[in-house]
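Engineer: Give me coordinates for this.
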Amino acid sequence: MSVEDTRNAATVESRLHALGHTLPVPPMPRANYTPGKVIGDKLYLSGQIPFVDEVLTVTGKLGEDVTVEEGQKQAALAALNALGAARQILGTLEGVSVANINVFVACAPSFAEQHVVANGASDILTAAFGPDEAIPRTAVGVPGLPLNAPVEIQLLLTVPAA
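Structural biologist: Below is the predicted model:
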């Protein structure tokens, strides 16, 4: 399916599916937190790391163990996990909009390409919500993340009024 066709796809999930992505079942929390909470017209999602079937397939730090290209793939997986959590909480992603994304990149002290790694997550969100969806974003480097994950994504979404 062409990029133009994905823009015209009817739903968030169908746009992702047209590009070969499916929303995963969110991983079980491994600590004392909830995957997300709706307050007013906002869904605050807990950080999501790039689990695939409850397993981190890539671990380590960008600039040491993980390449930028692999970091982008891991950021995309984490974004898909975040969208999966949002769908589980809301029941649907229709009418949802991205208010903000924070991308945390576990990296070596000299690594300076956090913004490039974050593009993996931004690309997934743009594919899901359309090219006209403006996505404010922060990308920061950190010395470590839970379970030695290379990236963690935190989303703030606006949701339709109930």
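
Engineer: On the three-state scheme, Tyr33 is what?
Structural biologist: Judged by DSSP: H, G, I helix; E, B strand; the rest coil, the three-state class of Tyr33 is coil.

Engineer: Quick one: residues contacting it.
Structural biologist: Residues in contact with Tyr33 (C-beta atoms under 8 Å, 6 or more residues apart in numbering) are Ser46. (C-beta placed from N, C-alpha, C; glycine too.)

Engineer: how about the lengthiest strand in the chain: buried residues?
Structural biologist: Looking across the chain with DSSP state E, the single longest strand is strand 97-106. Residues Val98, Ala99, Ile101, Asn102, Val103, Phe104, Val105, Ala106 are the ones in strand 97-106 that count as buried (16 or more other C-beta atoms under 10 Å).

Engineer: Convert the C-alpha atoms of that strand to PDB, please.
Structural biologist: Extracted C-alpha coordinates of strand 97-106, given in PDB (Å, rounded to 0.1, in the frame of the first residue of the first chain):
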ATOM      1  CA  SER A  97      -4.500  12.900  19.300                       C
ATOM      2  CA  VAL A  98      -0.800  13.000  20.400                       C
ATOM      3  CA  ALA A  99      -0.300  15.900  22.900                       C
ATOM      4  CA  ASN A 100       3.300  15.100  23.600                       C
ATOM      5  CA  ILE A 101       6.000  12.400  23.400                       C
ATOM      6  CA  ASN A 102       9.100  12.000  25.600                       C
ATOM      7  CA  VAL A 103      11.800   9.700  24.300                       C
ATOM      8  CA  PHE A 104      14.400   8.500  26.800                       C
ATOM      9  CA  VAL A 105      17.500   7.100  25.200                       C
ATOM     10  CA  ALA A 106      20.000   5.000  27.300                       C
END
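
Engineer: following it, which helix or strand comes up?
Structural biologist: Downstream of strand 97-106, the first helix or strand assigned by DSSP states H and E is helix 114-129.

Engineer: now that following helix against strand 97-106, angle please.
Structural biologist: Using axes from the mean of the first three to the mean of the last three C-alpha atoms, to 10 degrees, the inter-axis angle of helix 114-129 relative to strand 97-106 is 150 degrees.

Engineer: avg pLDDT for helix 114-129?
Structural biologist: Throughout helix 114-129, pLDDT has a mean value of 96.
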